[in-house]
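Visitor: Okay, predicted coordinates and the sequence, questions at the end:
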Amino acid sequence: MTFGSSLGLVLLVFCLLILWQIRQILLLLLMAILLAQILNLAVTWWQRHHLKRSYALIITLFGFFIGIIGIFVGIIPALVQQFRQLFSLLPQAIERLWGQVHSLEDYLDPSLASVLPDFKTLLAQLQPLINQIAGRGLSIFYGTFGIILSLLLIVALGLMILADPAAYHRCFLRLFPAFYRSRVRSILEECDRDLKTWLKGIFCHMLIMTLGSCLGLSLIGIPLAFSQSILAGFLTFIPNLGPVLSTILPFSIALLEAPWQPWAVLLLYSSIYLLIQYFDRHSPLPLLTVRSLKLLPAFTLLAQLFFASIFGFLGLFLAVPLTLIGRIWLKEALIEDILNHWQTGDKNF
């Protein structure tokens, strides 16, 4: 190995160590990039209607800030009030749910029933794990910046990237050797294309879940349907685990109501999930489906567990975009440009 190769390897390891130390900051940057991507979809839509980018940017930002003001004035106060009522009912619902679980002891073998923990024991066992996941994911918010400042930072970074994405694109390209920059440019374009496709698809899923759960819970007669549907739509951003997590709260609240309502809640959310899967498979617009990205469910679930173990809740929340970006870079930079050339003995990129 030549001196130049050795020095390059040392610098690479050093850069990876630095990136690991600032990994939480990089998560905030990824969230800002996703925000910029979302807003850029609106800017691109206006540009297709023969509007200059500057005008499209102004209209998009105006709509964004009007939406933020509307959320804080019209939606958040109602959500806060409903969530207060929701969390006041939650302990009763969990206790009722645990009582239903322990009622099954009559039908189980006595030796098996004796090993079932009570609610307090189970909560004590789960508390360290919950604190670890939440602490890792939210330490950047509470420890370094504070949650409000972190959200403002995400918005500010997202708007800066949106204002002139080409400049940041060029800065990133300069981190690579000149001979490889055209290749990196094509990889970034593929990442951009897949992220936009995923964002369109996942927001369609979130819309279906929010509207379906709000309408269904209202018809069933479950209290606080509005706040629970908003939470369900938010959790749908997390594939696989999100729909399951969104069912727990309304099912627990339904245990305090009529005996048939918990089963109606399970049927409702199962139906919505099947509707989302049907939409994903049979939508006439392939760009609005997550399935077009060919993400294997088992691989996605493993990626969620992996990123959650490293980054906590934020890693779980951002697991799919991290997986998309990582998959493209591994496939193009590692497999196509390095490993495949090793097999043929070709040292030229």
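Guide: That came in fine, so what should we check first?
Visitor: And Q21, how far from F307?
Guide: 17 Å (Cβ to Cβ, to the nearest Å). All C-beta atoms are positioned from the backbone trio N, CA, C, and that covers glycine.
Visitor: Looking at the two, which one has more neighbours?
Guide: Looking at Q21 and F307 with other Cβ atoms under 10 Å, you find the greater number of neighbours at F307, namely 22 against 9.
Visitor: distance of that one from A36?
Guide: Distance from F307 to A36, by Cβ to Cβ: 21 Å.
Visitor: Same check on Y55?
Guide: Computed as Cβ to Cβ, the Y55 to A36 distance reads 18 Å.
Visitor: ok, these two, which is more surrounded?
Guide: Set Y55 next to A36 and count neighbours by other Cβ under 10 Å: A36 wins out with 21 against 12.
Visitor: Check the gap between that one and F64 for me.
Guide: According to Cβ to Cβ, A36 stands 11 Å off from F64.
Visitor: phi, psi of L51?
Guide: The phi/psi pair for L51 (degrees, to the nearest 10) reads phi -110, psi 140.
Visitor: What about the residue nearest to it when sequence neighbours are not counted, how many residues nearby?
Guide: In space, and not counting its chain neighbours, L51 is closest to I59: 7.5 Å by Cβ to Cβ, 6 or more residues apart in numbering. Counted by other Cβ under 10 Å, the residues lying close to I59 total 14.
Visitor: surely I59 meets W45?
Guide: No. The pair I59 / W45 is not scored as a contact, 10.1 Å apart, by Cβ atoms under 8 Å.
Visitor: Distance from stretch 168-181 to the middle of the chain?
Guide: Put simply, stretch 168-181 sits 28 Å off its chain's centre (Cα atoms, centre = their mean, to the nearest Å).
Visitor: And stretch 249-262, by the same measure?
Guide: 28 Å.
Visitor: got the CA positions of it in CSV?
Guide: Provided in CSV are the C-alpha atoms of stretch 249-262 (Å, rounded to 0.1, in the frame of the first residue of the first chain):
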residue,chain,number,x,y,z
LEU,A,249,-54.4,3.7,22.1
PRO,A,250,-57.9,3.6,20.6
PHE,A,251,-58.2,-0.1,21.5
SER,A,252,-57.3,0.6,25.1
ILE,A,253,-59.8,3.5,25.3
ALA,A,254,-62.5,1.3,23.7
LEU,A,255,-62.1,-1.1,26.6
LEU,A,256,-63.7,1.5,28.8
GLU,A,257,-66.7,1.6,26.5
ALA,A,258,-69.1,-1.1,25.3
PRO,A,259,-67.8,-4.7,25.1
TRP,A,260,-68.1,-4.8,21.3
GLN,A,261,-66.1,-1.6,20.6
PRO,A,262,-62.6,-2.9,21.1
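Visitor: Any buried residues in it, and which?
Guide: Across stretch 249-262, burial judged by 16 or more other Cβ atoms under 10 Å covers L249, P250, F251, S252, I253, A254, L255, L256, E257, Q261, P262.
Visitor: How about stretch 182-196?
Guide: By 16+ other Cβ under 10 Å, the buried positions in stretch 182-196 come out as V184, I187, L188, E190, C191, D192, D194, L195, K196.
Visitor: residues contacting S271?
Guide: With contacts taken as Cβ atoms under 8 Å, 6 or more residues apart in numbering, S271 has the following neighbours: G212, G216.
Visitor: gap between it and I202?
Guide: Distance from S271 to I202, by Cβ to Cβ: 20 Å.
Visitor: Same check on F307?
Guide: F307 sits 16 Å away from I202, going by Cβ to Cβ.
Visitor: Likewise for P297?
Guide: Using Cβ to Cβ, P297 is found at 15 Å from I202.
Visitor: again with S227
Guide: From S227 to I202 the distance is 21 Å (Cβ to Cβ).
Visitor: Could you tell me how far L35 is located from G74?
Guide: In terms of Cβ to Cβ, L35 sits 21 Å off from G74.
Visitor: Can you get me a residue count around I248?
Guide: Residues near I248, counting by other Cβ under 10 Å, number 14.
Visitor: Do you know the pLDDT at it?
Guide: pLDDT for I248: 81.
Visitor: Next, it: secondary structure please.
Guide: Of the three states, I248 takes helix under DSSP: H, G, I helix; E, B strand; the rest coil.
Visitor: how far away is it from G242?
Guide: Distance of I248 to G242, computed by Cβ to Cβ: 11 Å.
Visitor: Which of the buried residues of stretch 182-196 sits closest to L330?
Guide: Comparing the buried residues of stretch 182-196 against L330 with Cβ to Cβ places I187 closest, at 10.6 Å.
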